[in-house]
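A.B. asks: Got a sequence here, can you build the structure:
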Amino acid sequence: MKKIILGAALCGLLAAGCSLDKSYLNGPNALTFPASKAEVEAGVFAAYKGLTLIDASSTPFPRIQDNDIGASRLNAANYNYQQQSKLPTDNAWVEKVYNNIYKTAARANLVLDGIDKVRDLMSEQEYNMYKAELLLTRAYVYEWGCQLYGDIPYIDHVLGLGDSYTRTPRAEVIDKILNEDLKDEMLDFLPLRHNKATYGSTRLGRVGAYGLKARICLNWGCIPTKALLHGAEVAHTITHASQLGISVGEVNVDLQKLVQFSRTVSQQLTAGVAYLLKKNGVRVIDGTARLRGKGQITVEDARGEARDYRADHVILATGARPRALPGIAPDGEHIWTYFEALRPKLLPKSLLIIGSGAIGVEFASLDNDLGCKVTLVELASQILPVEDAEVSAAVRKSFEKRGIQIHTQTLVTQVQLTDIGVRCTLNNTGGEYSQDVERVLLAVGVQPNIEDLGLEALGVELDRGFIKTDAACRTNVFGLYAIGDVARRAWRTRPATKA
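C.D. replies: So this is what the prediction gives:
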């Protein structure tokens, strides 16, 4: 049987001690696969009846019924949002609703899994009708499982019928599924983790959310950096192969080929993402976007032409950019950010890195392996200042063994361009001194891309320049979410994806 996914709401209720009646899994009244046309019909009717019971049992909560539209549903969603999705789990009706949801979903899935086994016992028209009925019932049930914890558009809207909060008559939705042969697509419909800033309609291709996004990790972050690190590690291993009794002679690194390798890796992965978007029917709009109101976006393309879009949910994923320091401005030639460090024209003989977080430490290791003399400067008392002291000490010991100079509790007060590169003035408890290097890399973190997004007009709250969100990635503006670097979350792909 296919896995039944009812969203985060079910998990929350189970964790809170809400018990589910699972008597239908065994015993004399246990659900079984249909063995005849009559049993399919009975299963379809029972699943639909279960859906009506869900509607009926929801009365104590400010929800709407199957044919209500508009403000009632939106008000309910706002109520959920304001209450931070805290349902009264001690109320009997909550348990009743979820027992009906769980049982109805199980019944619909069971009949769906068994209907193909008895397909020869019914006409093609009957088979298609029964399957469409089951798929739509299951979609409605999944909606309820998520909707109790927040707001998602109706499946009707995802199918292109009506707006997000208008329920289309069931018969019209069934006709849409049958006439456009959307049965296979409906199998993929799962409104997953909507309250984590995503609304999953996979192959349906009409997602009720727009994302204002950047593209750092695949293009200018983790992926190309790891590709370069891999090449540098190979060079380091070959250089020290004599320790294993292997003589290979002098190792020469073609820096431009290594850089091209890293760019190729990034391009392959970004092409893969583009393919998945296309495959799943996601429309990609190229341009500069700006919020002009709740659920309203204006996008200006390269020709300067602007178009307006509306969405019930908007995700801000504009990312971040390298942060500069007062008096130390990147020039792209002598003073780098990670953009220049990822595609250097030549390997510098010496490099001073300001900042020893993830970015600074990775480039220190990379350039050292390639033969560059590296100096790592950190204002805090340890490198990798946000990591455990044991981790920091282990990395420092390894770096110093490899010849990387490390200065902690040290401030770079001034940089001056010279004929041979850059002269850096450093200051610590031992006094002030200078050091000449060919290049300087600024690796002091990132700053969010929040300018000219229209946040001020909507009153979006910020936290030290980053968009403030709760644990579910929601901003203080209903229907507006922020994920990734712009929301000051972990600067990694995995947390952004999980969001």
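A.B. asks: What about the closest residue in space to Asp485 that isn't next to it in sequence, how many residues nearby?
C.D. replies: Closest residue in space to Asp485, ignoring its immediate chain neighbours: Ala320 at 3.8 Å, by Cβ to Cβ, 6 or more residues apart in numbering. (C-beta placed from N, C-alpha, C; glycine too.) For Ala320, the neighbour count with other Cβ atoms under 10 Å is 22.
A.B. asks: Equivalent analysis for Ala380, please.
C.D. replies: For Ala380, using other Cβ under 10 Å, the count is 15.
A.B. asks: residue contacts, it?
C.D. replies: 356, 408-409 (Cβ atoms under 8 Å, 6 or more residues apart in numbering).
A.B. asks: on that earlier part again, help me confirm that the residue nearest to Asp485 comes into contact with Ile216.
C.D. replies: Yes: in this structure Ala320 lies within contact range of Ile216 using Cβ atoms under 8 Å: 7.0 Å.
A.B. asks: hmm, back to that, neighbour-wise, give me the winner out of the contacts of Ala380.
C.D. replies: Neighbour counts for those, by other Cβ under 10 Å, peak at Ser356, which reaches 27 neighbours.
A.B. asks: Where does that residue sit, in terms of helix or strand?
C.D. replies: If you go by DSSP states H and E, Ser356 is not part of any helix or strand.
A.B. asks: Retrieve the pLDDT associated with the residue nearest to Ile223 when sequence neighbours are not counted.
C.D. replies: The shortest distance from Ile223 to any non-neighbouring residue, by Cβ to Cβ, 6+ apart, is to Ser266 (5.3 Å). Looking at Ser266, its pLDDT reads 90.
A.B. asks: Kindly report the same for Val284.
C.D. replies: Per-residue confidence at Val284 stands at 83 (pLDDT).
A.B. asks: do you know how far Ala341 is from Leu347?
C.D. replies: 11 Å (Cβ to Cβ, to the nearest Å).
A.B. asks: Which element, helix or strand, includes Ser262?
C.D. replies: With DSSP H and E as the test, Ser262 turns up in helix 255-279.
A.B. asks: Which other helices and strands does the following helix or strand past that helix contact?
C.D. replies: Going down the chain from helix 255-279, the next helix or strand is strand 288-293, by DSSP H and E. Applying 3 or more Cβ pairs under 8 Å, 6 or more residues apart in numbering; DSSP states H and E, we find strand 288-293 packed against strand 209-213, strand 296-300, helix 455-458.
A.B. asks: ok and strand 288-293 relative to strand 296-300, angle-wise?
C.D. replies: Using axes from the mean of the first three to the mean of the last three Cα atoms, to 10 degrees, the direction of strand 288-293 lies 150 degrees away from that of strand 296-300.
A.B. asks: what's around Asp301, how many residues?
C.D. replies: Neighbour count for Asp301, taken as other Cβ under 10 Å: 12.
A.B. asks: what sits against the nearest residue to it once chain neighbours are set aside?
C.D. replies: Nearest non-adjacent residue to Asp301, counting by Cβ to Cβ, 6+ apart: Gly287, 4.3 Å away. Gly287 makes contacts with 299-302, as judged by Cβ under 8 Å, 6+ apart.
A.B. asks: What is the nearest of the contacts of Ala380 to Gln125?
C.D. replies: The closest of the contacts of Ala380 to Gln125 turns out to be Ser356 (Cβ to Cβ; 69.0 Å).
A.B. asks: who's in contact with the helix or strand encompassing Thr237?
C.D. replies: Element membership of Thr237, judged by DSSP H and E, is helix 222-239. The contact list for helix 222-239 (Cβ under 8 Å, 6+ apart) reads 217, 248, 251, 253, 258-259, 261-263, 265-266, 269, 338, 342, 362-363, 365-367, 369-370, 492-493.
A.B. asks: I'd like to know which of those are buried.
C.D. replies: 217, 253, 258-259, 261-262, 265-266, 338, 342, 362-363, 365-367, 369-370 (16 or more other Cβ atoms under 10 Å).
A.B. asks: element containing Val440, please.
C.D. replies: Per DSSP H and E: Val440 is located in strand 439-442.
A.B. asks: same for that strand, what does it pack against?
C.D. replies: Using 3+ Cβ pairs under 8 Å, 6+ apart, strand 439-442 is in contact with strand 335-336, strand 350-354, strand 422-428.
A.B. asks: What pairs with that strand, parallel or antiparallel?
C.D. replies: Strand 439-442 sits in its sheet next to strand 335-336 (parallel), strand 350-354 (parallel), going by DSSP bridges.
A.B. asks: what does that strand rub up against?
C.D. replies: By Cβ under 8 Å, 6+ apart, strand 439-442 touches 322-325, 328, 330, 334-338, 341, 348, 350-355, 360, 363, 415, 421-422, 424.
A.B. asks: If any of those residues are buried, put those into a ChimeraX selection.
C.D. replies: Only the buried entries of the contacts of strand 439-442 go into this ChimeraX selection, using 16+ other Cβ under 10 Å:
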select :322,328,330,334,335,336,337,338,341,348,350,351,352,353,354,355,360,363,415,421,422,424
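A.B. asks: could you check the angle helix 255-279 makes with the helix holding Thr237?
C.D. replies: If you take the same axes, to 10 degrees, helix 222-239 sits at 140 degrees to helix 255-279.
A.B. asks: Let's have the strands paired with strand 439-442 in JSON lines, adding distance to Asp485 and mean pLDDT.
C.D. replies: Putting these into JSON lines (distance: least, Cβ to Cβ, whole Å; pLDDT from 0 to 100) gives the following:
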{"stretch": "strand 335-336", "distance to Asp485": "20", "mean pLDDT": "97"}
{"stretch": "strand 350-354", "distance to Asp485": "20", "mean pLDDT": "98"}
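A.B. asks: Can you lay out these as a markdown table showing distance to Arg488?
C.D. replies: Shown next, in a markdown table, are these (distance: least, Cβ to Cβ, whole Å):
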| stretch | distance to Arg488 |
| --- | --- |
| strand 335-336 | 24 |
| strand 350-354 | 21 |
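A.B. asks: where along the stretch 101-250 of the chain do the helices fall?
C.D. replies: 124-147, 155-158, 170-179, 183-187, 216-220, 222-239 (DSSP state H, counting those that start in this stretch).
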